[in-house]
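Q: Return atomic coordinates for the entry below.
(chains A and B)
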Amino acid sequence: MAELVMAAATPHNPLLWRAMVEPMPDDLVGVAANFRRIGDTIVELGVDVIIEVGTDHIRQFFSDNAPAFVVGKAERYHGTYENEVRTFGMEYVEVAGHRELADRIAGREVLPEAIDFAVSHEWRLDHGFIIPLQYLTPALDIPVVPIHANSTLPPLPSPRRFAALGEHLRDTVAAWESDARVALITSGHMATDIGGPRQFLGQGSPDPEFDEMAVGWMRDGDLEAAIEGCRYDRIMAAGNVTYQYVNVITALAAMGGRPAELAEATESRFASSPFFMWRAG
Amino acid sequence: MSKYMVDKFMRAVEMSDAEVAAYVADPAAYVDVWLASGAAASAPDRPSDDHELTAAERDAFAARDIGALYALGAHPYLLWHFIEAVHSHEFAAGFGWRDLVERYRAAVLPHGTPDYIA
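A: Sure, this is the predicted structure:
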């Protein structure tokens, strides 16, 4: 059977693409080191397929058609958009999909009981998916099943649905008749504001109290506290795009609610960066 | 419907280099052409692609009025990237990205956290 060998969460801050380059600025040394630590673990554990749970930033999915959870069923994906090349200096890329695993996650004929997924056969991945892959697997040589979780266009799925997603991904991999070694990567934020009055403060987190609690839920393996702490009103008070933190609940649930071996909100000139990691028990 | 259309307009401009250039060249004229080019204005049997703005929304886009758009309920993520896109050609000595960030902050700060849910 296939094995879920690890789960991890990383940031996808696209401003890193121009800023986090050699000679490495002092404030970004920790961010680069944590990306490297997770990337090295992917190599060490022999990962050969990645499930990536992230959030499209109103590029592919807009309010004319905004599903809660989308599983990518394409054979290949193009990465990033004209506006992201312009604004962030990102590069157009391609990455392979994994149709067999995508079919197992979403169901080929009937949707699974856990989640009423939407599926997509043609989906250009934005920075929320591409930035983590470019730092974790620079050659982009590991096939990916992207899963979009709507965290930007309300109504949003509740935090408990992200836990259900994680449990479903764990069970799906465990039941897959394959020798694949699978990693679950979630892409998200700590407290972050974009387009609101607290964006780009230049002095770190807009809500250090939230970040401290949010690191603790993963460090202590407290799934119920994470679900309760991510109530819409509280998490939006931490910044208007902080809901993308909730993606990591998927990883915590997939790992059975165990404490993470890496749990850190890494500080820099930007809003703090989420780094969490678990190995299979 | 109105906040949805504000978001639709910003996204249509910001995602395309050509649309950003056309808007920047003459914001008021661009908005009026966009309003006149929706599906409802031409043929009722075309796929739905309405282009509608209230007078206040139209005027705010014509004036690139950050505070007005924010107060009208523009999606903050789309609004920042729209504003960044349509001002970045002005970056030069004496006015840069950080200056735009602070101009944006000053414009939205008086309006608190408007309901942007479309």
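Q: how about the nearest residue to residue 97, chain neighbours excluded?
A: Going with chain A. Closest residue to A:Gly97 apart from its sequence neighbours, by CB to CB, 6 or more residues apart in numbering or on different chains: A:Ala74 at 4.7 Å. Where you see a C-beta, it was placed from the backbone N, CA and C, and this is true even at glycine.
Q: meant chain B, my bad for not saying
A: In space, and not counting its chain neighbours, B:Trp97 is closest to B:Phe91: 6.4 Å by CB to CB, 6+ apart.
Q: How about A:Cys230?
A: Using CB to CB, 6+ apart and skipping residues adjacent in sequence, the residue nearest A:Cys230 is A:Pro159, 4.2 Å away.
Q: Ok, A:Ser205 next?
A: Excluding the flanking residues, the one nearest A:Ser205 by CB to CB, 6+ apart is A:Ser272, at 4.6 Å.
Q: Run a quick check on the one you found versus A:Met190, I expect a contact.
A: Yes: using CB atoms under 8 Å as the test, A:Ser272 is close enough to A:Met190 to be in contact (4.4 Å).
Q: Do you know the pLDDT at the residue of chain A found nearest chain B?
A: At 2.9 Å from chain B, A:Gly195 is the closest residue in chain A, using CB to the nearest CB. You'll see A:Gly195 listed with a pLDDT of 97.
Q: Kindly report the same for A:Arg86.
A: Reported pLDDT for A:Arg86: 95.
Q: Over to the one 3 residues further on?
A: pLDDT for A:Gly89: 95.
Q: Then B:Ala92?
A: For B:Ala92, the pLDDT comes out at 88.
Q: Okay, B:Gly73 and chain A: tell me how far apart.
A: Per CB to the nearest CB, to the nearest Å, B:Gly73 is found 12 Å from chain A.
Q: Just give the nearest non-adjacent residue to that residue, would you?
A: Nearest residue to B:Gly73, sequence neighbours excluded (CB to CB, 6+ apart): B:Lys3, at 4.3 Å.
Q: What's the local residue count around that neighbour?
A: 18 (other CB atoms under 10 Å in any protein chain shown).
Q: Look up which helix or strand it falls in, please.
A: Assigned by DSSP states H and E, B:Lys3 belongs to helix B:2-14.
Q: mind showing which ranges of chain A have poor pLDDT?
A: Within chain A, no stretch falls below the threshold (pLDDT under 70).
Q: List the residues that contact the residue nearest to the spatial centre of it.
A: Central residue of chain A (CA atoms, centre = their mean): A:Ser187, 1.9 Å from the mean position. Going by CB atoms under 8 Å, 6 or more residues apart in numbering or on different chains, A:Ser187 touches A:9-12, A:52-55, A:128-129, A:131-132, A:244, A:247.
Q: Strands - which of those land there?
A: For the contacts of A:Ser187, the ones inside strands are A:9-11, A:52-54, with DSSP state E as the criterion.
Q: and those as JSON lines, adding distance to chain B?
A: Shown next, in JSON lines, are these (distance: CB to the nearest CB, whole Å):
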{"residue": "A:Ala9", "distance to chain B": "20"}
{"residue": "A:Thr10", "distance to chain B": "20"}
{"residue": "A:Pro11", "distance to chain B": "16"}
{"residue": "A:Glu52", "distance to chain B": "20"}
{"residue": "A:Val53", "distance to chain B": "19"}
{"residue": "A:Gly54", "distance to chain B": "15"}
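Q: Kind regards, and thank you for your time.
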